[in-house]
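**Q** Build me a structure from this.
(chains A and B)
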2 protein chains.
Amino acid sequence: MRIQILGSAAGGRFPQWNCGCGNCVAVREGKFSGKARTQAQLALSADGSTWFLAGASPDLASQIESSPALHPRALRHSPVAGVVLGSADLDHVVGLLLLRELQPLRVYAAPSILRILREENSMFGMLNRVEPQVVWTSMNSGALFPLLSADGKDSRLRCEVCYLSGRYPKYVKTNTADLARDEATAALFFESASGKRVAYVPAVGSLSDTLLAKIHRADLLLFDGTFWSDDELLRVQGSGETAHQMGHIPVEESLRLLRSIKVERKMFVHLNSTNPILNEASPEHQAVRQAGWEVAEDNWQLEL
Amino acid sequence: MRIQILGSAAGGRFPQWNCGCGNCVAVREGKFSGKARTQAQLALSADGSTWFLAGASPDLASQIESSPALHPRALRHSPVAGVVLGSADLDHVVGLLLLRELQPLRVYAAPSILRILREENSMFGMLNRVEPQVVWTSMNSGALFPLLSADGKDSRLRCEVCYLSGRYPKYVKTNTADLARDEATAALFFESASGKRVAYVPAVGSLSDTLLAKIHRADLLLFDGTFWSDDELLRVQGSGETAHQMGHIPVEESLRLLRSIKVERKMFVHLNSTNPILNEASPEHQAVRQAGWEVAEDNWQLEL
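**A** So this is what the prediction gives:
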């Protein structure tokens, strides 16, 4: 299985357009010991020719362009066969609107997420202007399912979803009583034919035993690295919510909670612009590395 | 007045993610006599410190980042005070969703466009999570109005809108009988305190006498350069609509129709990936230049 990290930042990118925090200023001035990053985005493939996306970030068009494996190989073509969505957060779904150029794709999401996109937001209708175009497919937790392209071809990748007790984005208008409580946020697991597993958990507010057990079985873990500390936004900006209030376990806490996991390769992803681990010269970055974790970067190509 | 062309391509960018036409392949391979381009986007300012955007392209976050004048100058700040929308096309409005990070902004648009965004697409609710954030302001045709920031401060730029007989995007669900027929597409005119005028007409299907008269009064014209010829998509892709069916006058026709206009500087913008004028070595590009027109590029900075 090939895995490309097309983007590794949290919503808003790094640097963020209206953020003048120390990290953002330094990286704009070229004085930062670390890299700029686009919003979190994964691409996965069993054979290197058919690819599935985990999430659809607002930076998706430039992310695809910067990855030769995802370039078209015919007049109208894309190696991207489909997208698996783990939430309805803007930084996870806006990229679908960039894939509107009449391309056949299969989009997997929880029933509640599909409802939010298709019933509350008419713009996604641009993905169904012609036939064949986007095939919307509900996914349920509990079992591996094969990832199929729009025409039903098996990609030889399988996916398993684990719904987390997250919250729906603040824009959602549908009465939450009409949405499944547990479908707001998902951890996504991708498995190759040989049984290698990637765990993609970019947003998680608490660790259940079920999730922990599934993480233990992964060969590669990409985990929520949004904030280093719970009060990070409050300290940097002087206002805002805590990491936990926003549905994220802070990294300093995750390092403790996940101290004993035995995963071959583990990295933090979905990094907010304020997170000190972006700075490779920081003690926080060093602490992460010393604990055996990596800090994901854009354009990393991995193989399992 | 300062004008920045932050993006000059039509919807889908150049190259386009799923397009393997001659232009797209050549520019990806570095063998093209011309430049890659992001989606059409203008920024305008009377004083160089407060900026208004014409349109909100899906590439807006990277476009802002690549323009130092638009970088924040405080912990949470943006020189971008507002946005003027000329249509509800995705390549003209998706960028608003990228400006969601709690920043005060004023967004001007036709009443029908505001209705499509705010009533059909719940995601735009992210622009009204806190107070102050986005102030939605209806604009009507027929008179210059001052462009104000969200807190009412005058930018010393004025705007005039001229509604064109375009069509609403195909995603729109509201019954068209409930939308004003003439508000689907607008030409936007920006005027400085000294009376200098920019005409921004990225999508226009026919030239009315009213529009022509307004274009004549401009010092800088940015005009619809989507397609060179009416049957361009059909010839390049083997399928698709004509330029006119998609609401665009092809460039070869505009060169004739606008032969006699006396505008100091005139350029084609909103260039589709299939357009031969993107290729600076093409006879079509030469024809445009010989007729006294320019082919707009990303990152051009102009002053009037």
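**Q** From now on I want contacts and neighbour counts done on CA atoms only, so please keep to that.
**A** Fine.
**Q** and A:Ser149, what pLDDT?
**A** For A:Ser149, the model assigns a pLDDT of 96.
**Q** Touching, it and A:Val83? I think so.
**A** No: counting by C-alpha atoms under 8 Å, A:Ser149 stays clear of A:Val83, with 9.5 Å between them.
**Q** what do those two both touch?
**A** A:105-106 (C-alpha atoms under 8 Å, 6 or more residues apart in numbering or on different chains).
**Q** any idea which strand is longest in chain A?
**A** Using DSSP state E, we find that the single longest strand of chain A is strand A:154-164.
**Q** For it, which outside residues touch it?
**A** The contact list for strand A:154-164, computed with C-alpha under 8 Å, 6+ apart, reads A:45-46, A:50-51, A:139-149, A:182-193, A:204, A:211.
**Q** ok, now stretch A:293-304?
**A** Counting by C-alpha under 8 Å, 6+ apart, A:1-8, A:35, A:37-38, A:67, A:196, A:219, A:265-269, A:277-278, A:285, A:288-289 sit against stretch A:293-304.
**Q** Next: stretch A:196-208.
**A** Contacts to stretch A:196-208, defined as C-alpha under 8 Å, 6+ apart, come from residues A:1, A:40, A:164-166, A:185-191, A:215, A:217-226, A:244, A:246-249, A:269-270, A:304.
**Q** quick revisit: in the longest strand of chain A, what counts as buried?
**A** In terms of neighbour count (16 or more other C-alpha atoms under 10 Å in any protein chain shown), strand A:154-164 has its buried residues at A:155-164.
**Q** Just list what the next helix or strand after that strand packs against, helices and strands only.
**A** As assigned by DSSP states H and E, the chain's next helix or strand after strand A:154-164 is strand A:185-191. Using 3 or more C-alpha pairs under 8 Å, 6 or more residues apart in numbering or on different chains; DSSP states H and E, the elements in contact with strand A:185-191 are strand A:154-164, strand A:197-201.
**Q** Would you mind giving those strands as a markdown table with distance to B:Ala177 added?
**A** A markdown table is the format used below for the helices and strands packed on strand A:185-191 (distance: least, C-alpha to C-alpha, whole Å):
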| stretch | distance to B:Ala177 |
| --- | --- |
| strand A:154-164 | 42 |
| strand A:197-201 | 46 |
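**Q** got the residue ranges for the helices in chain A?
**A** Ranges of helices within chain A are A:22-28, A:60-65, A:90-93, A:111-120, A:209-216, A:232-237, A:251-257, A:283-290, based on DSSP state H.
**Q** By mean pLDDT, show me the worst of those.
**A** helix A:232-237 has the lowest average pLDDT among those, namely a mean of 93.
**Q** from the middle of its chain, how far away would that helix be?
**A** Helix A:232-237 has its C-alpha centroid displaced from the chain centroid by 23 Å (C-alpha atoms, centre = their mean, to the nearest Å).
**Q** now what about it, what contacts it?
**A** A:21, A:239-243, A:274-275, B:75-76.
**Q** could you redo the last one with a cut-off of 10 Å?
**A** Helix A:232-237 is contacted from outside by A:19-22, A:227, A:229, A:238-243, A:250, A:272-276, B:75-76, using C-alpha atoms under 10 Å, 6 or more residues apart in numbering or on different chains.
**Q** which of the contacts of strand A:154-164 count as buried?
**A** A:45-46, A:50-51, A:139-141, A:144-149, A:182-192, A:204, A:211.
**Q** In the stretch 101-250 of chain A, where is pLDDT below threshold?
**A** The stretch 101-250 of chain A contains no residues with pLDDT under 70.
**Q** List, one by one, the residues from it near chain B.
**A** Taking C-alpha under 10 Å from any C-alpha of the partner chain as the contact definition, the stretch 101-250 of chain A meets chain B at A:101-103, A:116-129, A:169-174, A:236-238.
**Q** Just the buried residues of those residues.
**A** The neighbour-count test (16+ other C-alpha under 10 Å) marks A:101-103, A:116-117, A:119-128, A:171-172 as buried among those.
**Q** mind listing what the residue of the stretch 151-300 of chain A at minimum distance from chain B touches?
**A** Using C-alpha to the nearest C-alpha, the single residue of the stretch 151-300 of chain A nearest to chain B is A:Tyr171, 5.0 Å away. If you count contacts by C-alpha under 10 Å, 6+ apart, A:Tyr171 has them with A:88-90, A:116, A:120, B:121-129.
**Q** Backbone dihedrals for it, both of them.
**A** With angles defined as degrees, to the nearest 10, A:Tyr171 sits at phi -80, psi -20.
**Q** quick one: it from A:Ser282, how far?
**A** Distance, A:Tyr171 to A:Ser282, using C-alpha to C-alpha, to the nearest Å: 35 Å.
**Q** same question, A:Val130
**A** Counting by C-alpha to C-alpha, the gap from A:Val130 to A:Ser282 is 51 Å.
**Q** Off-centre distance for stretch A:259-271?
**A** With C-alpha atoms, centre = their mean, you get 15 Å for stretch A:259-271.
**Q** Stretch A:27-42 now?
**A** Put simply, stretch A:27-42 sits 17 Å off its chain's centre (C-alpha atoms, centre = their mean).
**Q** Tell me which residues of it come out buried.
**A** A:27-28, A:32, A:34, A:36-42.
**Q** mind exporting that stretch as PDB, just the C-alpha atoms?
**A** In PDB, the C-alpha atoms belonging to stretch A:27-42 read as follows (Å, rounded to 0.1, in the frame of the first residue of the first chain):
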ATOM      1  CA  VAL A  27       7.400  31.100   8.600                       C
ATOM      2  CA  ARG A  28       6.300  34.000   6.300                       C
ATOM      3  CA  GLU A  29       9.600  35.700   7.000                       C
ATOM      4  CA  GLY A  30      11.600  32.500   6.200                       C
ATOM      5  CA  LYS A  31      13.000  32.500   9.700                       C
ATOM      6  CA  PHE A  32      11.200  29.400  11.000                       C
ATOM      7  CA  SER A  33      12.800  26.000  11.800                       C
ATOM      8  CA  GLY A  34      10.000  24.200  10.100                       C
ATOM      9  CA  LYS A  35       7.800  24.000   7.100                       C
ATOM     10  CA  ALA A  36       4.600  25.600   5.800                       C
ATOM     11  CA  ARG A  37       1.800  23.100   5.400                       C
ATOM     12  CA  THR A  38      -1.500  22.700   3.600                       C
ATOM     13  CA  GLN A  39      -4.600  21.300   5.200                       C
ATOM     14  CA  ALA A  40      -4.600  17.600   6.200                       C
ATOM     15  CA  GLN A  41      -5.100  15.300   3.300                       C
ATOM     16  CA  LEU A  42      -4.200  11.700   2.600                       C
END
